[in-house]
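[1] pasting the sequence and the predicted model now:
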Amino acid sequence: MELSLIVQNWQVFALGLWNTLWLVGLALLFGGILAIPLALTQAYKTPYIGKFSLAYSYAIRGTPLLVQIYIIYYGLGQFEAVRNSIFWVLLKDPYFCAVLGFSLNSAAYASEILRGAIVGLPKGLIEAAYACGMSRFKMIRRIALPIAYRRSIFAYSNEVIFMLHGSVIASTITIVDLLGAGRRLNSQYYVTFEGFITAAVLYMTIVAFISFAFRLIEKRYAIT
Amino acid sequence: MNKITSLIGASIITLIGSSAYAEDIVIRWGTEAGYKPFIYKTSDGNLTGFDYEVGQAVCEHLKATCSWVEQDWDGIIPGLLSKRYDAILASMTITEERKRVIDFSDPYYLAPAGFVGKLDAGLNDDETLAGKTVGVLRGSTHANFILAERKDVVVREYPTQDEVWLDLVAGRIDASFVNQIAAQEGFLNSDAGKGYGLFGKAYKHPSVTGDGIGVGLRKSDTELRDTINGALEAIYANGTFKKINDKYVPFYIGTK
């Protein structure tokens, strides 16, 4: 172990840490927003859209994240039509492709967690809401979603950690994330472990913070 | 007087002897014919290519009797050690690992590093490249060189060189810094590489190109090694190398 190498290159790791954090943060945010309609349309079997949501989450959960990212990043870039379209300004950027891919992926998993929680709500609760004169929309907004959220917290903390670990794929599309920083250190100084171990320690630290945050949230909000 | 004549006589005999010895040199080259344009076969099955002509030029210079033995790549070092042939002439890169088992001649060529980009983009490897995006193979000597030497460019690292070419064509990067021979064979000669080309200097810094390409020899054959080194020196000096170079590769790959 050459600790001095790691200290000398702290800037690369700081950059990697920053990139990992904001990529995962944005992906969870957009994924979380997209998960709501996906979960609701499936749980309430909305005509057509419900089937589409089901197909979407099946397709995303049925393929590896690496494949999805490659299709978005390298696949789309193969088509002249895509390269000449206005979307190319965005798709040209590896960061955009990463956020897009991670968000679409996270949405599928999060929607499945949320759908399960909605479907599992006690029947009486829903009936009571309707009996109080709530419209369906109001029932979802005031009763179903808030309770489903609180019942999803345990499962969702796992999804957050999986998303963090899945984000290493960003390093395959030229982004210097935490793993990318570790790889760069390894290849630049011909060392085997130093870069990976530093990245691993930093990932574990992030996970510790995530777990701690979810403990607090669970204490305050979780219901089983 | 007698003494002098006998001395001259002796030296004449030595001279004839040594030249007779030279004519007795036999070199069996071991090679693997699947690396265009360095060593490959013509449609009628004859060996040809850069390595082949270097070998023939060495033999011609030494007035040696040469033959070629073909061997699959994974058995090429064992074949040398079991004396199926005397020297490997197959674009073999000189590495520390191989040096533990066999000996090498002086490098006879090396693959210079250089930039590849769109020809009409007006790029050069000077200030015009500042702020531009350059794609490299992650972990390659080329990546490390450019990360250390060109702080003014944005470096993007890729898992394989094929992906660098994809993004160069897609327009995500402006250039790649790469082994020039790999660029020529893997990209520029293909349809995708039309309109692209090498620009700027040919970089021959040993930290990028390594120790170059040498003739592989048995460790015990120091005499043959010195003979081949001498012959290589000579074909460089008399211009033969340059001629062979120009015939097969569109840029200079010589070590001198």
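    Sure thing, it's come through. Quantities reported herein were computed from a predicted structural model and do not represent experimental measurements.

[2] pull the number of nearby residues for A:Val99.
    22 (other Cβ atoms under 10 Å in any protein chain shown). For the C-beta atoms, the positions are set from N, CA and C on the backbone; glycine is no exception.

[3] distance of it from A:Trp88?
    16 Å (Cβ to Cβ, to the nearest Å).

[4] so what's the most centrally placed residue in chain B up against?
    Centroid-nearest residue in chain B: B:Tyr109, 3.4 Å away (criterion: Cα atoms, centre = their mean). B:Tyr109 is in contact with B:50, B:212-213, B:245, B:253-255, counting by Cβ atoms under 8 Å, 6 or more residues apart in numbering or on different chains.

[5] let's see 7 Å
    B:212-213, B:253-255 (Cβ atoms under 7 Å, 6 or more residues apart in numbering or on different chains).

[6] and what of B:Pro112?
    B:180, B:202-204, B:209, B:253.

[7] dump these to CSV, plus neighbour count, pLDDT and secondary structure.
    Shown next, in CSV, are the contacts of B:Pro112 (neighbours: other Cβ atoms under 10 Å in any protein chain shown; pLDDT from 0 to 100; DSSP: H, G, I helix; E, B strand; the rest coil):
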residue, neighbour count, pLDDT, secondary structure
B:Gln180, 23, 93, helix
B:Ala202, 17, 91, strand
B:Tyr203, 19, 92, strand
B:Lys204, 17, 89, coil
B:Thr209, 24, 86, helix
B:Ile253, 23, 93, coil
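
[8] farthest pair within those residues?
    Largest separation among the contacts of B:Pro112 by Cβ to Cβ: B:Tyr203 and B:Ile253, giving 12.4 Å.

[9] got the domain boundaries for chain B?
    When chain B is parsed with automatic domain parsing, its domains come out as B:2-110+B:211-248, B:113-209.

[10] quick one: end-to-end distance for the shortest one.
    If I follow you right, that is domain B:113-209. 7 Å (Cα to Cα, to the nearest Å).

[11] near chain A, anything from it?
    Yes: using Cβ under 7 Å from any Cβ of the partner chain, domain B:113-209 comes into contact with chain A via B:138-139, B:143-144, B:147, B:156-159, B:163, B:166, B:170-172.

[12] give me the lowest-pLDDT entry from those.
    Within those, pLDDT reaches its minimum at B:Gly139, with 83.

[13] please identify the helix or strand for that residue.
    In the assignment (DSSP states H and E), B:Gly139 maps to no helix and no strand.

[14] how about A:Thr198, nearest residue that isn't a chain neighbour?
    A:Ile6 (5.1 Å; Cβ to Cβ, 6 or more residues apart in numbering or on different chains).

[15] got a list of contacts for the helix or strand hosting that neighbour?
    Assigned by DSSP H and E, A:Ile6 belongs to helix A:3-8. The contact list for helix A:3-8 (Cβ under 7 Å, 6+ apart) reads A:185, A:189, A:191, A:194, A:198.

[16] now do 6 Å
    Here helix A:3-8 makes contact (Cβ atoms under 6 Å, 6 or more residues apart in numbering or on different chains) with A:189, A:194, A:198.

[17] count of residues packed around A:Ala181?
    When neighbours are counted by other Cβ under 10 Å, A:Ala181 comes out with 26.

[18] tell me the residues of chain A that contact chain B?
    Residues of chain A that fall close to chain B, judged by Cβ under 6 Å from any Cβ of the partner chain: A:74, A:77, A:92, A:172, A:174, A:187-188.

[19] how does it look with 7 Å?
    Residues of chain A lying near chain B (Cβ under 7 Å from any Cβ): A:74, A:77, A:83, A:92, A:172, A:174, A:183, A:187-188.

[20] give me the buried positions along stretch A:115-127.
    Residues A:115-118, A:121, A:126 are the ones in stretch A:115-127 that count as buried (16 or more other Cβ atoms under 10 Å in any protein chain shown).

[21] between these, which is closest to A:Cys132?
    Out of those, the member with the shortest distance to A:Cys132 (by Cβ to Cβ) is A:Ile126, at 10.9 Å.
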